[in-house]
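K.L.:
everything below, folded, please.
(chains A and B)
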Amino acid sequence: MNNILVLPMVIPLLTGFVLFFLRPSVRAQKLVASLSILSLIAVSVRMLLKIRDAGILRLDFGGWKPPFGILFVGDSFAALLVLTTSIVSGLILFYAFAATERRHENMFFYPFSFFLVAGVNGSLLTGDLFNLFVCFEVMLLASYVLVTLGGGKSQLAESMKYVAINVVASWFFLVALAFLYGTIGTLNMAHISVRVAEAGQGPLLSAIAVIFLIVFALKAGLLLYFWLPGSYSSPPAPVAALFAALLTKVGVYAMFRVFTLIFYHDSSITHGLIGAMAVLTLAGGSLGAVAYKDIRVIASYNVVIAVGFMMLGLAVFNEAAFRGSVYYLIHDMVIKALLFLAVGSMILLTGESRIDRMSGLIRNYPLLGWLFFITMLSLAGIPPFSGFIGKVYTGLGAVEGGNYWLLLAGFLSSLFVLYSLLRIFMNCFWGETTITREEQRPLNKKKLIPLSLLGALTLAIGVGTQVLAPFVADAAHVLANPEIYIEAVLGEVQPDE
Amino acid sequence: MKGNDVILRTVSRIVVFIILTFGVELFLSGHNNPGGGFIGGLVLSSALVLLYVVFDIETVHQGVPLDFKKVAAFGAMLAVLSGTAAAVLGHPFLSQGFGYFDLPIFGVTELTTVTIFEAGVALTVIGTVETIILSISKDV
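P.N.:
Residues are numbered from 1 along each chain as shown, chains lettered A, B, ... in the order given. Below you'll find the model as predicted:
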């Protein structure tokens, strides 16, 4: 019995409901939310350690054996991301405690943040493709509420686009699921994998694979990222940080799951396509990041670049590259949260969002300036911060697989990341300060503490890679050898007989 | 709705009870026969929607003084809790049980834990449908 697997989804769900009834008292909401986040982190750590000791865990809901019932499967990859999600969303919530307006707090801001986390954790842990769709929807419905909450004109316009594009993507998801179920006759991911391997991945299955690719590309912002900069730059800082840290990453995770576990037979089509899309994403994201002057838009294009970079690992398709992508996923969740919170703080402090209207902020807010500097170094992949190790392994994998073009695109994009953020840093933090001591708005400690903790986290991941290494190695090993996953799910039952 | 709606008012006073009874019937037959919390909840909420159409919101609200957003949240919480209870008792999450009991009036009756889960689903559906209907009607 591995009921611990369901806790990362049940704890935030129940917390969300409790917070719903605590609506009148914001103080009580904050207390319950803090306790819930702490227990979530504790559970995630315990789950990760349990997987290290006992291998891949499986929980059959209601005792229905696979492939008939719905199940949650916990491997190191999922558990690492669940842990990162818990920590990062916790820190973003602590920032939100200080930064959210009272009228938003009263309109169910915290409950829906927790529903979002529940959806994210559910998507990471599920072992059933239809259940993945459901968890995606839980996550997206919560995100629809958060993106529209208390919106002005521009925010509502962007959120309409966001909702429309996601509804279309979800519809595609459903169609792809229907095709797959019609062809293969099962929804359990391990079982699908077995049957796809038995039937051979012919043209029909490859076509279905491409539909799945389109779905997850829309969700993750791989090439089809046209909706992303607008909808990530309009909501308030904590919401944008939640989105940037979690939502696209779930799309990336789903892509890894589906294209390493199920559709890995005809890699010249699917993975070639993924490689091409990743390079185009890197190019488009890089151009966007240097072209705009609005710091929120620049930050959003950095999300796009990161998605492209993680997808390189999937396109290269070997264990070293997977390891790089897993490291980079963890790193990116932390650093994107920090980047969006820092950018949000800058806008909150100056009331401006364009880089040519800010100057000399580091004199007024030194800590914020240095945190932004750390963010920049970490995103560019400079040691000892967390971005370095992911880039190294992805590079190693690409060399090993002979994908030099992908390697070149990946490292060129790092230069663009560095340049785009350096531009923000030089324009906004250097130079003559425009804010005098008297009219300087205070940046209170409640906001600085979560920011500093995220900064410390990126340093800790970079320095303490040794601690993470066995878990990441295991995650990459399972991704590269799908039979381990299948054995853990279907081991004791004989399907098809 | 202004004007001569005597017939509608008179008919719906009776029809509402027929719909409610049918909704409960669907709800209870749920776990073994066609039916269940979701459709049962939909039918139950359609009775309430009929009341809202025939009488005005204030009148119905005096009779049914519920905040439907809370009803929905409570329902979803009930469903999750019924699954969690199984986990607390050491079974896999969402495990259900049933047993036969000799009740005074009904005779030997099958009682199931899935009914609690279904009740949560039904309440969620009712709460959501009414919230949607009420928020749409407020805008117009």
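K.L.:
give the contact list for the residue in the stretch 301-450 of chain A that chain B sits nearest to.
P.N.:
Using Cβ to the nearest Cβ, A:Met333 is the residue of the stretch 301-450 of chain A that sits closest to chain B, at 25.8 Å. Glycine gets a C-beta too; all of them are placed from N, C-alpha and C. By Cβ atoms under 8 Å, 6 or more residues apart in numbering or on different chains, A:Met333 lies in contact with A:Leu81, A:Thr84, A:Thr85, A:Val88, A:Ala245, A:Leu246, A:Lys249.
K.L.:
try A:Ala254
P.N.:
A:Ser123, A:Leu132, A:Phe136, A:Phe216, A:Lys219, A:Ala220.
K.L.:
ok, for the first one, nearest residue in space, not its chain neighbours?
P.N.:
Once its chain neighbours are removed from consideration, A:Ser123 has its nearest residue in A:Cys135; the separation is 4.1 Å (Cβ to Cβ, 6 or more residues apart in numbering or on different chains).
K.L.:
burial check on that neighbour, number of neighbours?
P.N.:
Applying other Cβ atoms under 10 Å in any protein chain shown, we find 23 residues neighbouring A:Cys135.
K.L.:
can you list the strands that the helix or strand bottoming out on mean pLDDT in chain B pairs with?
P.N.:
Scoring the helices and strands of chain B by mean pLDDT, DSSP states H and E places strand B:107-112 at the bottom, with a mean of 83. In the sheet containing strand B:107-112, the strands it pairs with under DSSP bridges are strand B:98-103 (antiparallel).
K.L.:
what residues does the partner strand touch?
P.N.:
Strand B:98-103 is contacted by residues B:Val108, B:Thr109, B:Glu110, B:Leu111, B:Thr112, B:Thr113, B:Val114 when judged by Cβ under 8 Å, 6+ apart.
K.L.:
re earlier: confirm the residue of the stretch 301-450 of chain A closest to chain B sits in a strand?
P.N.:
No - assessed with DSSP: H, G, I helix; E, B strand; the rest coil, A:Met333 is helix; it does not lie in a strand.
K.L.:
specify the local secondary structure of the residue of chain B found nearest chain A.
P.N.:
Nearest to chain A, among the residues of chain B, is B:Met77, at 3.8 Å (Cβ to the nearest Cβ). Judged by three-state DSSP, the three-state class of B:Met77 is helix.
K.L.:
contacting residues for the nearest residue to it once chain neighbours are set aside?
P.N.:
With sequence-adjacent residues excluded and distances taken as Cβ to Cβ, 6+ apart, B:Met77 is closest to A:Phe17, at 3.8 Å. By Cβ under 8 Å, 6+ apart, the contact list for A:Phe17 reads A:Pro111, B:Ala73, B:Phe74, B:Ala76, B:Met77, B:Val80.
K.L.:
just the buried positions in stretch B:43-60, please.
P.N.:
B:43-52, B:54-55, B:60 (16 or more other Cβ atoms under 10 Å in any protein chain shown).
K.L.:
quick one, helices of the stretch 51-200 of chain A?
P.N.:
A:76-99, A:102-106, A:109-125, A:129-148, A:153-184, A:189-199 (DSSP state H, counting those that start in this stretch).
K.L.:
any low-confidence regions in chain B?
P.N.:
Chain B contains residues with pLDDT under 70 at B:1-4, B:139-140.
K.L.:
assign a three-state SS to A:Gly288, would you?
P.N.:
helix.
K.L.:
now do the closest residue to it other than its chain neighbours against A:Ala220, distance only.
P.N.:
In space, and not counting its chain neighbours, A:Gly288 is closest to A:Tyr301: 3.7 Å by Cβ to Cβ, 6+ apart. In this structure, A:Tyr301 and A:Ala220 are 15 Å apart, going by Cβ to Cβ, to the nearest Å.
K.L.:
cool, and A:Gly230?
P.N.:
16 Å.
K.L.:
mind checking which of those two has more residues around it?
P.N.:
Of the pair A:Gly230 and A:Ala220, A:Ala220 is the one with more neighbours under other Cβ under 10 Å, namely 27 against 17.
K.L.:
what sits against the residue nearest to the more buried one when sequence neighbours are not counted?
P.N.:
Distance criterion Cβ to Cβ, 6+ apart; nearest residue to A:Ala220, sequence neighbours excluded, is A:Gly251 at 2.9 Å. Going by Cβ under 8 Å, 6+ apart, A:Gly251 touches A:Phe216, A:Ala217, A:Leu218, A:Lys219, A:Ala220, A:Gly221, A:Leu222, A:Val307.
K.L.:
biggest separation within those, which pair?
P.N.:
Farthest-apart pair in the contacts of A:Gly251 is A:Leu218 and A:Val307; separation 11.6 Å (Cβ to Cβ).
K.L.:
quick one: which of the two has more around it?
P.N.:
A:Val307 (27 against 23).
K.L.:
which other helices and strands does the helix or strand that that one is a member of contact?
P.N.:
Using DSSP states H and E, A:Val307 sits within helix A:295-316. Packed against helix A:295-316, as judged by 3 or more Cβ pairs under 8 Å, 6 or more residues apart in numbering or on different chains; DSSP states H and E, are the following elements: helix A:228-233, helix A:248-261, helix A:267-291, helix A:319-350, helix A:387-401, helix A:404-424.
K.L.:
right, so these: which one is the most enclosed?
P.N.:
Mean neighbour count (mean count of other Cβ atoms under 10 Å in any protein chain shown) peaks for helix A:319-350 among these, with a mean of 26.
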